[in-house]
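Q: mind folding the following:
(chains A and B)
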Amino acid sequence: MSEVKKSLNFLEQIIEEDLAKGLDKSKLKFRFPPEPNGYLHIGHAASICLNFGLGIKYNAPVNLRFDDTNPVKEEQEYVDSIKNDIQWLGFNWAEELYSSDYFQQLYDWAIMMIKNGKAFVDDQTSEQIAEQKGTPTKPGSNSPFRDRLVSENLDLFEKMKNGAFDEGTHVLRAKIDMSSPNMLMRDPVMYRILKKAHHRTGEDWKIYPMYDWTHGESDYIEQISHSLCTLEFKHHRELYDWFLDQVYDPEKLRPKQREFARRNLSYTVMSKRKLLELVESGYVNGWDDPRMPTISGLRRRGYTPRSIREFSDSAGIAKRDNVTDLALLEFHIRNELNKTAPRVMAVLDPVKLVITNYPEGKEEMLTGENNPEDADAGFRTIPFSRELYIEREDFREVANKKFFRLKLGKEVRLKNAYIIKAESVDKDADGTIKVIYCTYDEDSKSGSGTEASQRKVKGTIHWVSSKHALKSEVRLYDRLFTDEAPDAHKERGFKEFINPDSLKVIPDAYVEPSLATAQKGDSFQFQRLGYFNVDKDASDDRLVFNRTVALRDSWAKIEQRK
RNA sequence: UGACCCAUAGUGUAACGGUAGCACUCCGGUUUUUGGUACCGUCAGUCAAGGUUCGAAUCCUUGUGGGUCAACCA
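A: Sure, this is the predicted structure:
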């Protein structure tokens, strides 16, 4: 048995080193800490796959912890959608927890810090505090309230807690170092007054802890061994460790924060703020618009949990800024759907085709293979008749020999049916082809085993019987932006790069009748076109399909070169 | 005019002082009743300059380029 050794990413190496240095494997514990202020996107999926993936790899618990310290922005709706998305991706958390569960403990620790002279109440406005903060290149200066008596601090802090003061009038600050080169260490705010109802604690609290004060202590309370976050928190690590020092008991595990680069995707944006802007300004139809890089958008588009997990795994984890090619995501969904999606025929841009030597009124049921990649997928029947629809672009009156499709005087195979030859066309006044007249070779029926059925013709095209076809709506999606990195331009806003053709609706496409029983969410391959799934907008009398992704199309590439 | 982080084919990611590899993309070919799939193949890379070493993508120095940091957001 030779097993290819899978290389470890740098975070796994850190874990392995900790284990080698004596950390008990049973102490390994991770967490995914979303703020419930928006929907999860493909970048979060990378973090989810990382943390829950480590949990699976090391058989360690992974907590879902909502970082809910800002009642102004957070809502139950987001909590619900986040839980749903994580489960849909296929992961299970050990415990569902909330930073707000720790408000009392955090408050008690803050009192202790005041008593230890490590925190003080500042009466200044945020503007004054900002002014004293200095800049990255200039040190800050101390607050005039920095050396307040412990008793006074205790009294003031309690009054803050009890709602005696207005918002913005007082904050509790850690007493660290106003001249630190790390701005975060310049007496950071630990608590602010916020008289807002919290989605879980209601009216209990008039003060709310800040991220830095909350996050590391929450990790410590939960005994998270490795707290993994994105690169922009690198500078926070010093403060994370400082706050931990204030409460740390050497008997307990000390959490370790490490940072990795967030996953970016080409031709889209990934910040919640920008995504929200797209939703609110109506460029897309909600957070689950199939063009959105949100988990809910990708789900509606037809992406599967597995394809997203495999995308995340193959993209990897590292520390450098990146823009991952959208083509990699598309590769993974095609790769899965190719194996699982039943094949059907659908005509999106129909032109009528009449087989003049096929008896009028005759109908027959032909057999089609559901999936050549899956021997167990079975077969279905497809009605055939004298009048069909084919794809308009599959016919040309004249074309060179690179065009493998139907042209006058030449033959082509109708998928799962007969070989036909184009004889003539009817056009309307402006030259648009109305009907293509063909003859068929009666002995060439697919699968009949006759000599004629085994003739090799260069092209095979898809079709539907006009009498039997179902009309349905088909939505063709394309990338939301025309630029690889729409938000990487200093002089231009990301919305300048919005793709005006990101959605094309075909109100009356024709699909084969077997689709009548298709259920919302079901995925199919429309042969020669792409993968499509049934949208939630579908109703009993009207199918609606989303194009998940087109098939690779080497003909389109040949055409483009001209 | 600061601190910290990062730099490997077009993109993403390995190689942990000992032959620069993998995936996607691109391009070419074979097979094919999907111009799909599958299979085969081609092109293509260590930011630069010094230094240490028998040997450097890897260690050191300097430079260059990119990113992060001045919310009572997370």
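Q: contacting residues for the residue of chain A found nearest RNA strand B?
A: For chain A and RNA strand B, the shortest gap (Cβ to the nearest atom of the strand) falls at A:Ser446, measuring 2.5 Å. Glycine gets a C-beta too; all of them are placed from N, C-alpha and C. A:Ser446 sits next to A:366-367, A:413, A:415-418, A:453 when contact means Cβ atoms under 8 Å, 6 or more residues apart in numbering.
Q: report the buried members of these.
A: A:366, A:413, A:415-418, A:453 (16 or more other Cβ atoms under 10 Å).
Q: which ones, among those residues, also lie beside RNA strand B?
A: Under the cut-off given by Cβ under 7 Å from any atom of the strand, RNA strand B has A:413, A:415-416, A:453 from those close to it.
Q: make CSV out of those and add secondary structure, pLDDT and distance to A:His41.
A: Putting these into CSV (DSSP: H, G, I helix; E, B strand; the rest coil; pLDDT from 0 to 100; distance: Cβ to Cβ, whole Å) gives the following:
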residue, secondary structure, pLDDT, distance to A:His41
A:Arg413, strand, 98, 44
A:Lys415, coil, 98, 38
A:Asn416, coil, 98, 40
A:Ser453, helix, 93, 50
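Q: what's the farthest-apart pair in those residues?
A: Greatest spacing in these, by Cβ to Cβ: A:Lys415 and A:Ser453 (13.2 Å).
Q: got the contacts of A:Ser446 as JSON lines, with distance to A:Val435 columns?
A: Shown next, in JSON lines, are the contacts of A:Ser446 (distance: Cβ to Cβ, whole Å):
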{"residue": "A:Leu366", "distance to A:Val435": "22"}
{"residue": "A:Thr367", "distance to A:Val435": "28"}
{"residue": "A:Arg413", "distance to A:Val435": "20"}
{"residue": "A:Lys415", "distance to A:Val435": "21"}
{"residue": "A:Asn416", "distance to A:Val435": "22"}
{"residue": "A:Ala417", "distance to A:Val435": "18"}
{"residue": "A:Tyr418", "distance to A:Val435": "18"}
{"residue": "A:Ser453", "distance to A:Val435": "27"}
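Q: max pairwise distance over the residues you listed: which two?
A: A:Thr367 and A:Arg413 (14.9 Å).
Q: so which residues on the stretch 151-300 of chain A come close to RNA strand B?
A: Close to RNA strand B, as judged by Cβ under 7 Å from any atom of the strand, the stretch 151-300 of chain A has residues A:167-171, A:181-184, A:189, A:192-194, A:208, A:210-212, A:215, A:231-236, A:261, A:266.
Q: and the helix or strand containing A:Ile436, what's buried?
A: If you go by DSSP states H and E, A:Ile436 is part of strand A:433-440. Judged by neighbour count (16+ other Cβ under 10 Å), strand A:433-440 contains these buried residues: A:436, A:438-440.
Q: check stretch A:218-231 too.
A: Buried residues in stretch A:218-231 (16+ other Cβ under 10 Å): A:218-222, A:224-229.
Q: among these, name the ones in strands.
A: A:226-229 (DSSP state E).
Q: chain neighbours aside, what residue packs nearest to A:Tyr98?
A: If the residues on either side of it in the chain are set aside, A:Tyr98 comes closest to A:Phe66, at 4.8 Å by Cβ to Cβ, 6 or more residues apart in numbering.
Q: per-residue pLDDT, that neighbour?
A: The model reports A:Phe66 with a pLDDT of 98.
Q: can you pull out the helices in the stretch 301-450 of chain A?
A: For the stretch 301-450 of chain A, the helices defined by DSSP state H, counting those that start in this stretch occupy A:305-315, A:326-340.
Q: ignore the last one, the stretch 151-300 of chain A
A: Under DSSP H, counting those that start in this stretch, the stretch 151-300 of chain A gives helices at A:211-222, A:236-247, A:272-280, A:295-301.
Q: dump these to TSV, plus distance to A:Asp325 and mean pLDDT.
A: Shown next, in TSV, are these (distance: least, Cβ to Cβ, whole Å; pLDDT from 0 to 100):
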stretch	distance to A:Asp325	mean pLDDT
helix A:211-222	32	98
helix A:236-247	30	98
helix A:272-280	20	94
helix A:295-301	16	98
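Q: let me have the ones you listed in CSV, extended by distance to A:Ser424.
A: Formatted as CSV, the helices of the stretch 151-300 of chain A follow (distance: least, Cβ to Cβ, whole Å):
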stretch, distance to A:Ser424
helix A:211-222, 73
helix A:236-247, 74
helix A:272-280, 50
helix A:295-301, 42
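Q: hmm, the strand holding A:Ile436 touching RNA strand B?
A: No: using Cβ under 7 Å from any atom of the strand, we find that strand A:433-440 stays clear of RNA strand B, coming within 12.2 Å at best.
Q: ok, now which ones touch A:Tyr208?
A: Contacts of A:Tyr208 (Cβ under 8 Å, 6+ apart): A:69-71, A:103, A:191-192, A:194, A:198.
Q: so which bits of the stretch 451-562 of chain A are right by RNA strand B?
A: Counting by Cβ under 7 Å from any atom of the strand, the stretch 451-562 of chain A sits next to RNA strand B at A:453-454, A:456, A:459-461, A:525, A:527-528, A:551-555, A:557-558.
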